[in-house]
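Visitor: Got a predicted structure plus its sequence, pasted below:
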Amino acid sequence: TSQFKSPQITEWRGYRIGPPFCASSVQWQFNNWRPTEKDVLVASYPKTGTTWLTNIVRNIIYFDHIEILEMLKSVTPIHTYIEGGTPMNFELMQKLPWNRKIWGTHLPAKLVNMKRLKENGCKVLYIIRNPNDQLLSWFKMSKTFPFNHNKVTDQFYPTEWNSFFETFVNGMQPLLSKEGEWYPDHILSYYPYRNDDNVLFVVFENLKTNTKEEIGRIAEFLGVQRTEEEINHIVQLSSFKSMKESAARFYEELKFFREGEVADWKNHFTVAQSELMDEKFNEKLSRIDIKFIYE
Ligand code: A3P
């Protein structure tokens with residue numbers, strides 16, 4: 001898209017919107033997207049396990065339809081993210097033969113029409129991950145971004161770890177952020193909806209250690225009956241190894257499957273960096289009931 005060729009920062013409702021997204025798409029989905037109770041939206045901050053959770057949802061819903069699961073492997077965020085949602089994308093998805101559409105978004109809740117989604121019964125899954133692993137994963141991915149680097153992108157994505165760290169903890173995020181807002185604010189934006197019937201919070205680290213139980217919980221939320229045997233099979237299909245091996249090239253090129261572990265941050269953060277992260281997150285999230293799992 002043109003956002004890759006000459007990346008620009010645009011703005012809507014005070015949010016800075018950077019490549020690969022652009023304000024007109026963000027605005028378009030907010031005003032025009034009308035999902036139904038059959039739709040599922042996987043919402044997240046980047047690098048928190050979005051692709052993994054999306055794959056689990058796909059496997060739960062289409063377990064009996066291998067041909068659809070195969071086809072979905074080449075359906076990437078470019079097609080399914082609502083903020084990439086030009087009218088053409090939505091029309092294309094509508095034409096595809098599967099019954100329940102699975103969408104994605106990195107938008108903060110304030111830029112998603114949460115009220116309409118609730119009224120229409122669209123299911124929303126929100127995944128969170130400890131912010132240290134998130135930040136490291138984001139740094140590693142930023143090196144693979146396919147845009148032509150320019151002054152705009154370089155100020156946001158320094159190629160050296162310490163500068164990247166500084167930039168990000170100071171809230172300099174081009175992608176879908178308000179000045180000074182970053183990951184903790186994204187969590188805060190979804191937090192008020194966590195007990196709504198159409199919303200389910202999922203924790204990356206719990207998915208890692210309690211995969212089977214978590215998949216069962218997600219299936220129940222989606223209103224899909226799966227036997228224990230089927231759930232065991234879905235555990236295998238959504239393992240890091242199996243997903244990495246069968247992923248389309250898009251995912252490989254952008255480092256969507258890097259380590260898939262908890263606590264890799266310990267190999268990269270200095271003590272001071274880890275303390276600063278704790279401080280920043282405690283400051284913003286002290287009043288809410290979310291405890292990250294760091295190891
Ligand atoms: P790492 O870079 O730490 O390895 P997203 O899909 O939101 O971009 O998140 C990407 C992160 O999820 C990457 O983290 C990736 O390796 C991890 N991931 C993807 N699939 C996974 C799986 N099946 N099991 C565990 N982690 C997975």
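Guide: Thanks, I have it.
Visitor: Quick check: chain neighbours aside, which residue is closest to the closest residue to the ligand within the stretch 101-250 of the chain?
Guide: Closest contact between the stretch 101-250 of the chain and the ligand, by CB to the nearest ligand atom, is at residue 137 (3.2 Å). Heads up, the C-betas are built off the backbone N, CA and C, glycines and all. In space, and not counting its chain neighbours, residue 137 is closest to residue 47: 3.9 Å by CB to CB, 6 or more residues apart in numbering.
Visitor: SS state for the one you found?
Guide: Recorded secondary structure, residue 47: coil (DSSP: H, G, I helix; E, B strand; the rest coil).
Visitor: residue contacts, it?
Guide: Taking CB atoms under 8 Å, 6 or more residues apart in numbering as the contact definition, residue 47 lies against 129, 134, 137-138, 141.
Visitor: 6 Å instead, please
Guide: 134, 137-138 (CB atoms under 6 Å, 6 or more residues apart in numbering).
Visitor: which one among those residues gets closest to residue 274?
Guide: Taking CB to CB as the measure, residue 274 lies nearest residue 134 of the contacts of residue 47, at 13.4 Å.
Visitor: sorry, back to before: what distance do you get for the residue nearest to residue 137 to the ligand?
Guide: Distance of residue 47 to the ligand, computed by CB to the nearest ligand atom, to the nearest Å: 4 Å.
Visitor: Need the pLDDT of that residue.
Guide: Listed pLDDT for residue 47 reads 96.
Visitor: pretty sure the residue of the stretch 101-250 of the chain closest to the ligand is in a strand, no?
Guide: No: with three-state DSSP as the criterion, residue 137 is located in helix rather than a strand.
Visitor: picking up where we left off before, would CSV of the contacts of residue 47 with neighbour count be doable?
Guide: Converted to CSV, those look like this (neighbours: other CB atoms under 10 Å):
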residue, neighbour count
134, 23
137, 22
138, 20
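Visitor: Which secondary structure elements does the helix ranked longest in the chain sit against?
Guide: Longest helix in the chain by number of residues (criterion: DSSP state H): helix 271-285. If you count contacts as 3 or more CB pairs under 6 Å, 6 or more residues apart in numbering; DSSP states H and E, helix 271-285 packs onto helix 131-142, helix 183-190.
Visitor: and of the ones you listed, who's closest to residue 158?
Guide: When these are compared by CB to CB, helix 131-142 sits nearest residue 158, at 8.6 Å.
Visitor: Determine how far that closest one lies from the middle of the whole chain.
Guide: Distance, stretch centre to chain centre, for helix 131-142: 13 Å (CA atoms, centre = their mean, to the nearest Å).
Visitor: Give the buried residues for it.
Guide: Neighbour counts over helix 131-142 (16 or more other CB atoms under 10 Å) mark 131-142 as buried.
Visitor: so what secondary structure elements neighbour it?
Guide: Counting by 3+ CB pairs under 6 Å, 6+ apart, helix 131-142 packs on helix 271-285.
Visitor: List, one by one, the residues from the stretch 101-250 of the chain near the ligand.
Guide: The stretch 101-250 of the chain comes close to the ligand at residues 133, 137, 140, 238-240, 243, as judged by CB under 6 Å from any ligand atom.
Visitor: Would you check that residue 51 makes contact with residue 257?
Guide: No: contact criterion CB atoms under 6 Å: residue 51 and residue 257 do not qualify, at 7.8 Å.
Visitor: Which one's more surrounded, the two?
Guide: Neighbour count, other CB atoms under 10 Å: between residue 51 and residue 257, residue 51 has more, with 21 against 16.
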